[in-house]
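Asker: got a structure for you, letters missing:
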C-alpha cells in the first residue's frame with residue numbers, strides 16, 4: 001500500500017476539499033496550528049482568518065469573492081438593522097403615550113422586515129440563481145415543449161463556490177437573529193468574518209449560529225495539550241469511519257446504482273443499505289474531523305449527529321441527523337410559518353372543528369411541507385431530491401396523525417411501548433424507512449429511484465448470489481469482514497455514548513501509557529485496514545456537493 005496515493009496529484013482543490021487528505025492532515029492543518037501556536041492572541045485571530053481564506057482560495061479560486069462579498073454585505077445589513085433599532089428606541093422615548101409607541105414600533109418593524117427581505121433576496125437569491133436556475137430552466141423548457149410551444153430558454157451554466165449553501169445559511173441565520181433580537185449586530189468585522197469563514201466548517205458545516213461560535217473563534221485561545229490530543233483523537237476516529245468503512249463500500253454502491261437494471265431486489269437492498277452506511281460514515285466522520293480540528297483551537301462546535309440509527313421514529317431520526325440543518329429549518333421556516341397570522345387563524349378554526357390534536361396539525365402540516373420541500377431542494381437541484389423531501393414529509397406527517405391511535409391501541413392490547421422488543425421493532429422499522437429514502441437520494445434521478453424501488457419489492461430472485469458475487473461488485477469477503485468489524489466497534493462506542501459514557505473523556509483520566517497505546521492502535525488500524533492504495537480512488541466528501 002502507498003499512503004501517498006490518497007492524493008490524486010499536487011496540493012490543490014481536489015485534495016484540500018477532504019479533511020482526510022494528506023494535503024490537509026500533513027500540510028495545511030499542521031502549518032496552521034504551528035503558526036497559531038507561535039503567535040500572541042491578537043495575531044492568532046489573523047492567522048485563523050488567513051488560514052480560512054487561504055483554504056477557500058485553494059478549493060474555489062476566484063470564487064472566494066462570494067465569501068468576501070457575503071461577509072461585507074451581512075455586516076452592513078446587520079448594522080442597518082441595529083441602526084433602525086436604535087432610532088426606534090430614541091423615538092419611543094419621546095412618544096406621548098402607548099398608542100404612539102406602538103405606532104413607532106410597528107413602523108420600524110416594517111422597515112426592518114424590508115431590510116431582512118432585501119438581505120434574503122441578495123444572498124438566498126444568489127444561491128438560487130447559481131444552484132437552481134439550470135434545473136428550473138430545464139423544467140420550464142420541458143413544460144413549453146409539452147404544450148406545443150417551440151421556444152426554449154438557454155440553460156445557464158454556473159460554477160458554484162464550494163460551501164456556498166453552508167456559509168449562505170449561516171450568514172442569513174445571523175441576520176434573522178439580529179432581527180429577532182436574540183443577537184446584537186456585531187460592529188467587529190473581523191469577528192464576523194471569522195464566524196462565517198472558519199475553515200473547518202466551510203465545506204460541510206455544521207451550520208452554526210452566531211452565538212454558537214463567533215466569540216469562541218474570536219477569543220483565539222492558546223492551544224493546550226489536552227485540546228490538541230482530544231482533537232487529534234476525534235480526527236482519527238472520523239478518519240477510521242471515512243477510509244475504513246465509507247470508502248471501502250464505494251465500489252459496491254457505484255456498481256449497483258450504476259447498473260441497477262441488471263440487479264435483483266435483494267442486491268438493490270444490499271446497495272441501499274451499503275449507501276446508507278456510507279453516507280453516515282462519510283458525513284459523521286467528516287463532522288468528527290471538523291469538531292476535532294476546532295477543538296485543537298479550543299472551540300466547541302455544535303454536534304451534527306447524535307446516534308441517529310437509535311431513533312424510534314423518522315421525526316426523532318431528523319432530530320439526530322444533520323442536527324444544525326434541521327435546527328435552521330425549524331427556527332427560520334417552521335416556526336415563522338406556523339406562527340404567522342394566517343396559520344394562527346387556521347389553527348383556531350381547525351381546532352374547533354377537528355379537536356385539539358388534529359386542529360393544530362393542519363397548520364403544522366403547511367409549515368412541515370415548507371420545511372421538507374426546502375430540505376429536499378437544498379440537497380440538490382433535481383426531482384429526486386424534492387421527492388426525498390416529500391417522502392420524509394409524508395412519513396413525519398403520517399406519524400403525527402396516527403400517534404394517538406397507536407397509543408390507544410397499545411393501551412388496549414396492554415403493550416409496553418418501553419420494553420426492549422417494542423423499542424427494537426421501532427428502531428428497525430425506522431431504519432428501513434431511512435434506507436428506502438436514501439436509495440432515492442442516491443439514485444441517478446427520480447425515474448431510476450422508482451425503478452429500483454419496483455425491483456426491490458417485486459424481484460425476489462436470489463440469482464445474483466453466486467460464486468463471484470462480491471467480486472462482481474468490486475469487493476471481496478475480506479472487505480466485508482473489515483467493514484463489519486469496524487461497524488461493531490463504532491456500534492459499541494455509540495451505545496456507550498448513548499448511555500452518557502464518553503470514551504475520550506474516560507480515556508483522558510487514564511495514565512499516559514494507556515492513552516498513547518489506544519492512540520497508536522487506532523492509527524495502526526487505519527493504516528492496515530484503510531481503503532487506499534492501488535485499486536482505490538479517493539472518494540470526495542459527499543456533503544461537499546450540497
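Answerer: Right, received. Where do you want to start? None of the values given here were measured: they were computed from a predicted structure.

Asker: Could you report the neighbour count for residue 413?
Answerer: When counting by other CB atoms under 10 Å, one arrives at 7 neighbours for residue 413. In this view, the C-beta of every residue, glycine as well, is placed from N, C-alpha and C.

Asker: Also residue 225?
Answerer: Counted by other CB under 10 Å, the residues lying close to residue 225 total 7.

Asker: Now do the helices in the stretch 1-150 of the chain.
Answerer: Here the stretch 1-150 of the chain has its helices, by DSSP state H, counting those that start in this stretch, at 13-16, 22, 29-38, 41-60, 65-93, 98-146.

Asker: Would you mind measuring the gap between the ends of stretch 239-251?
Answerer: Start and end residues of stretch 239-251 are separated by 18 Å (CA to CA, to the nearest Å).

Asker: Pull out the buried residues from it.
Answerer: Buried residues in stretch 239-251, defined by neighbour count with 16 or more other CB atoms under 10 Å: 239-251.

Asker: just to revisit the earlier point, ok, of the helices of the stretch 1-150 of the chain, where does mean pLDDT dip lowest?
Answerer: Of all the helices of the stretch 1-150 of the chain, mean pLDDT reaches its minimum on helix 13-16 (a mean of 57).

Asker: Give me the neighbour count for the residue nearest to residue 338 when sequence neighbours are not counted.
Answerer: Setting aside the residues directly before and after it, residue 338 is nearest to residue 367 in space (CB to CB, 6 or more residues apart in numbering), at 3.9 Å. Number of residues near residue 367 (other CB under 10 Å) recorded here: 20.

Asker: Quick check: residue 367 touching residue 342?
Answerer: No. In terms of CB atoms under 8 Å, residue 367 does not count as a neighbour of residue 342; the distance is 11.3 Å.

Asker: about what we covered before: ok, the residue nearest to residue 338 - contacts?
Answerer: Shown in contact with residue 367 (CB atoms under 8 Å, 6 or more residues apart in numbering): 333, 334, 335, 337, 338, 343.

Asker: Which elements pack onto the host helix or strand of residue 251?
Answerer: In this structure, residue 251 sits in helix 247-258 according to DSSP states H and E. Helix 247-258 sits against helix 265-296, helix 477-498, with contacts defined as 3 or more CB pairs under 8 Å, 6 or more residues apart in numbering; DSSP states H and E.

Asker: Of all those helices, which one is nearest residue 159?
Answerer: Of all the helices and strands packed on helix 247-258, the one in closest proximity to residue 159, counting by CB to CB, is helix 265-296 (22.5 Å).

Asker: need the next SSE after that closest one, C-terminal direction.
Answerer: For helix 265-296, the following helix or strand on the C-terminal side (DSSP H and E) is helix 314-320.

Asker: Mind listing what's buried along that next one?
Answerer: For helix 314-320, a neighbour-count test (16+ other CB under 10 Å) marks 314, 315, 316, 317, 318, 320 as buried.

Asker: Do me a favour and average the pLDDT over it.
Answerer: Mean pLDDT, helix 314-320: 96.

Asker: and if you look at stretch 499-517?
Answerer: So the average pLDDT for stretch 499-517 ends up being 86.

Asker: try stretch 152-168
Answerer: Mean per-residue pLDDT for stretch 152-168: 88.

Asker: Check stretch 479-487 too.
Answerer: Mean predicted confidence for stretch 479-487 is 94.

Asker: low-scoring stretches of the stretch 301-450 of the chain, by residue?
Answerer: For the stretch 301-450 of the chain, no stretch has pLDDT under 70.

Asker: all helices for it, in order.
Answerer: 314-320, 323-329, 335-338, 341-379, 383-412, 420-442, 446-458.

Asker: Look up how far residue 286 lies from the residue positioned nearest the centre of the chain.
Answerer: Computing the C-alpha centroid of the chain and ranking residues by CA atoms, centre = their mean puts residue 322 first, at 4.3 Å. For residue 322, the distance to residue 286 (CB to CB, to the nearest Å) stands at 12 Å.

Asker: now swap in residue 374 and tell me
Answerer: Residue 374 is 23 Å from residue 286, where distance means CB to CB.

Asker: Compare the two (neighbour count), which wins?
Answerer: Using other CB under 10 Å as the criterion, residue 374 and residue 286 rank with residue 286 on top: 27 against 15.

Asker: pretty sure that one contacts residue 204?
Answerer: Yes. The pair residue 286 / residue 204 is scored as a contact, 5.3 Å apart, by CB under 8 Å.

Asker: quick one on the thing from earlier: most tightly surrounded among the helices and strands packed on helix 247-258?
Answerer: Highest mean neighbour count of these: helix 265-296, a mean of 24 (counted as mean count of other CB atoms under 10 Å).

Asker: Contacts only, for residue 186.
Answerer: Going by CB under 8 Å, 6+ apart, residue 186 touches 75, 78, 192, 210, 214.

Asker: what about 10 Å?
Answerer: 74-75, 78-79, 82, 174, 178, 192-193, 195, 210, 214-215, 218 (CB atoms under 10 Å, 6 or more residues apart in numbering).

Asker: pLDDT score for it?
Answerer: 95.

Asker: did I read that right, it in a strand?
Answerer: No. With DSSP: H, G, I helix; E, B strand; the rest coil as the criterion, residue 186 is located in coil rather than a strand.

Asker: how much space is there between it and residue 116?
Answerer: Counting by CB to CB, the separation of residue 186 from residue 116 is 16 Å.

Asker: Also residue 379?
Answerer: Residue 379 sits 25 Å away from residue 116, going by CB to CB.

Asker: Likewise for residue 364?
Answerer: Applying CB to CB, the value for residue 364 to residue 116 is 24 Å.

Asker: ok, residue 195 - contacts?
Answerer: By CB under 10 Å, 6+ apart, residue 195 lies in contact with 71, 74, 167, 170-171, 174, 186, 188, 201, 208-218.

Asker: which of those are buried?
Answerer: Here, 16+ other CB under 10 Å leaves 71, 74, 167, 170-171, 174, 186, 201, 208-210, 212-214, 216-218 buried among the contacts of residue 195.

Asker: so of those, which ones are in helices?
Answerer: Per DSSP state H, helices hold the following members of these: 71, 74, 167, 170-171, 174, 210, 212-214, 216-218.

Asker: And those residues, which is closest to residue 224?
Answerer: Nearest to residue 224 among those, with distances taken as CB to CB, is residue 216, at 14.3 Å.

Asker: Next up, the contacts around that closest one.
Answerer: Going by CB under 10 Å, 6+ apart, residue 216 touches 194, 195, 198, 208, 294, 297, 298, 299, 300, 301.

Asker: How about residue 342?
Answerer: Residues near residue 342 by CB under 10 Å, 6+ apart: 363, 366.

Asker: again, only this time at 6 Å
Answerer: Listed by CB atoms under 6 Å, 6 or more residues apart in numbering, the contact set of residue 342 is empty.

Asker: For it, give its distance to residue 350.
Answerer: 12 Å.

Asker: cool, and residue 54?
Answerer: 54 Å.
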